[in-house]
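**Q** Sequence and predicted structure are below.
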Amino acid sequence: MSLSGSKGLLTDATRQLQTRWSDTRNAWRDHKATEFEDLYLTDLSTAVNTALRVIDELDHLLQKIHADCE
């Protein structure tokens, strides 16, 4: 799988998770829901954005390596 394909899958999976969490959060409104959100989801967006930037950097590096080898 290409890096751009991986980036797309990660982006789509993150969007699906956010949508499903929003639906779940409408029904799950206790302390444990807040705890779950704080423990697992709060920093997820930042981590995914960091991963997407790294994927872009790797893609550019691999393109440069490929061009240099030609």
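**A** That came through fine.
**Q** Show the residue spans covered by the helices in the protein.
**A** 3-27, 31-36, 44-69 (DSSP state H).
**Q** Please list the residues outside the shortest one that contact it.
**A** With C-beta atoms under 8 Å, 6 or more residues apart in numbering as the contact definition, helix 31-36 has outside contacts at 24-25. The C-beta positions use only the backbone N, C-alpha and C, and glycine is treated the same way.
**Q** what is the mean pLDDT for it?
**A** Mean pLDDT, helix 31-36: 96.
**Q** still on that earlier bit, can I get the helices of the chain in TSV with mean neighbour count?
**A** Below are those laid out as TSV (neighbours: other C-beta atoms under 10 Å):
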stretch	mean neighbour count
helix 3-27	12
helix 31-36	11
helix 44-69	11
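**Q** Let me see the contact set for the residue nearest to the spatial centre of the chain.
**A** What sits nearest the mean C-alpha location of the chain, by C-alpha atoms, centre = their mean, is V48, with 3.3 Å. Contact analysis of V48 by C-beta under 8 Å, 6+ apart lists 10-11, 14.
**Q** In this protein, where is pLDDT below threshold?
**A** Along the chain, segments meeting pLDDT under 70 span 1.
**Q** ok, 80 please
**A** Filtered on pLDDT under 80, the chain yields the residue ranges 1-2.
**Q** if we can go back for a sec, next, format the contacts of V48 as TSV and append distance to E37.
**A** Shown next, in TSV, are those (distance: C-beta to C-beta, whole Å):
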residue	distance to E37
L10	20
T11	21
T14	15
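**Q** Which of the residues you listed lies at the shortest distance from E57?
**A** The closest of the contacts of V48 to E57 turns out to be L10 (C-beta to C-beta; 14.5 Å).
**Q** and the gap between that closest one and L3?
**A** Separation of L10 from L3 (C-beta to C-beta, to the nearest Å): 10 Å.
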